[in-house]
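**Q** Can you look at this prediction? I've put the sequence above it.
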Amino acid sequence: MLATNNGLLPQVSWWRTAIGDDERATILDSLARERISMGAVTAELESEICRHLEVPYAVATTSGSVALMMALLALDIGPGDEVIVPTRTFIATAHAASLLGASVVLVDCYADSPNLDVDQIAAHISDRTKAIVPVHLNGRAVDARIFEIARQYGVAVVEDAAQALYSCTPDGYLGTLGAIGCFSFGMVKLASTGQGGALVTRDEGLYQRLLAIRNHGVRDVVSHDYLGVGGNFKLTDILASIGLWQIRRLPEKAAHCNAIYNRYAAALADLSFVDLVPVAVAAGEVAVWTEVTSPQRAAIVAHLAAQGVETRPFLPCVHSAAHFAGGTFPNSERFHAEGFNLPCGPAQPLDNVDRAIAALQTFG
Ligand SMILES: Cc1ncc(COP(=O)(O)O)c(C=O)c1O
């Protein structure tokens, strides 16, 4: 049963995910075959990722956070190295570098887009810079000039595509354009396994390194010789049973999320107190969430909550954590202060979206 607001109105939750009968059947099948660690279903999931993203190699793992750390480890990043990261991201992007002992160098976003401002990158590159980790926030492609800048300075690009699965530009799917791309299958993502993630690459050497890193550095499970350090970063077939179908249904999930975005976009055009944070859905990007900003956020959120409509405020910037403090990032701070998500998600009924729109229209 849905939660109620003051016992009067059914609540519209901000996120609805879609888990179907196929997922349930494949989990039961995995259990029946007693193959519950990483096995054939995980391999099938990886094949589906490769097919949908048109990329030769995919490695499934336990989370997007671990995927990012594995990517940097595969590129030999460690103490003494610097990694450029936007401050306007989930802190996982920065922690991946920190956990390996590298230093994080933060960069602001644009005034009108929460994505990394690529024109600020060059000023932050030093002779210790080893990688840039651009984040395609909510399916928005980071400016493609980043790949040119990285080439010019001889640094690797690890794409944090945790929020950008199946989002594409004319150059290809996000996450498949740099050295390694990282995805999250967390709860509020387009494809969810509860917890989970994946890496993709076009480089066979990096693929072999990632496979070894996922399994304690073991290059060959028969001879057990070691390529280097690693850990147990293996997904289980139980979770892969969910992921397999989540990936197979990407086209319909993406279409539904974009339909929600377009519905809000049409309605919000008439509302002066709130601005949509644009996603180029007509060009192939996927708006996993519908994000808006307003200087009146607190009042709007309270107004919607009183009508049973849940929202989610934007996550803080990386530099808000004491261990990353320093620097000024006015654009990122504005997005943090004013941004929030409206009800959305691959299983969000369009009726709920209409309820959220109707509630917004009575604000002020
Ligand atoms: C931009 C970004 N990077 C990394 C992650 C980490 O993914 P996970 O939660 O699967 O560890 C997330 C998750 O929300 C994210 O949004």
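**A** Noted; the coordinates are in hand. If you're wondering where the values come from, they're calculated on a predicted model, not measured in any experiment.

**Q** For the rest of this, base every contact and every neighbour count on C-alpha atoms.
**A** Fine.

**Q** Local confidence estimate at whichever residue of the stretch 251-364 of the chain sits closest to the ligand?
**A** For the stretch 251-364 of the chain and the ligand, the shortest gap (Cα to the nearest ligand atom) falls at Leu315, measuring 9.2 Å. Note on Leu315: pLDDT of 97.

**Q** what's the distance between it and Arg35?
**A** Distance of Leu315 to Arg35, computed by Cα to Cα, to the nearest Å: 38 Å.

**Q** Over to Glu148?
**A** 45 Å.

**Q** Next: Ile146.
**A** 42 Å.

**Q** Repeat that for Ser47.
**A** 18 Å.

**Q** Between these two, tell me which one has more neighbours.
**A** Ser47 (18 against 15; other Cα atoms under 10 Å).

**Q** Isn't that one up against Ala60?
**A** No - counting by Cα atoms under 8 Å, Ser47 does not reach Ala60; the two are 10.1 Å apart.

**Q** Dihedrals phi and psi, Thr176?
**A** When read as degrees, to the nearest 10, the backbone of Thr176 gives phi -110, psi 10.

**Q** Can you name the residues of the stretch 51-200 of the chain sitting close to the ligand?
**A** For the stretch 51-200 of the chain, the residues in contact with the ligand (Cα under 6 Å from any ligand atom) are 63-65, 89-90, 92-93, 135, 160, 162-163, 184-186, 195-197.

**Q** Which among those residues count as buried?
**A** 63-65, 89-90, 92-93, 135, 160, 162-163, 184-186, 195-197 (16 or more other Cα atoms under 10 Å).

**Q** Just the element for the residue in the chain sticking out farthest from the centre, please.
**A** Largest separation from the mean C-alpha position in the chain: Ser223, at 36.4 Å (Cα atoms, centre = their mean). Ser223 belongs to no helix or strand when assigned by DSSP states H and E.

**Q** Mind checking which of the buried ones among the residues of the stretch 51-200 of the chain next to the ligand are in strands?
**A** Asp160, Ser184, Gly197 (DSSP state E).

**Q** could you dump those to JSON lines with distance to Leu116?
**A** Shown next, in JSON lines, are those (distance: Cα to Cα, whole Å):
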{"residue": "Asp160", "distance to Leu116": "12"}
{"residue": "Ser184", "distance to Leu116": "19"}
{"residue": "Gly197", "distance to Leu116": "22"}
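
**Q** Going by distance to the ligand, which of the residues you listed wins?
**A** Of these, the one sitting nearest to the ligand (Cα to the nearest ligand atom) turns out to be Ser184, at 4.0 Å.

**Q** Now do the contacts for Ile149.
**A** For Ile149, the contacting residues are Ala122, by Cα atoms under 8 Å, 6 or more residues apart in numbering.

**Q** Just the CA trace of the host helix or strand of it, in PDB.
**A** Using DSSP H and E, Ile149 maps to helix 145-153. This file holds the C-alpha atoms of helix 145-153, laid out as PDB (Å, rounded to 0.1, in the frame of the first residue of the first chain):
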ATOM      1  CA  ARG A 145      36.300  18.900 -26.000                       C
ATOM      2  CA  ILE A 146      37.400  17.200 -22.800                       C
ATOM      3  CA  PHE A 147      38.900  14.300 -24.900                       C
ATOM      4  CA  GLU A 148      40.900  16.700 -27.000                       C
ATOM      5  CA  ILE A 149      42.200  18.500 -23.800                       C
ATOM      6  CA  ALA A 150      43.100  15.100 -22.200                       C
ATOM      7  CA  ARG A 151      45.000  14.100 -25.400                       C
ATOM      8  CA  GLN A 152      46.800  17.400 -25.500                       C
ATOM      9  CA  TYR A 153      48.100  16.900 -21.900                       C
END
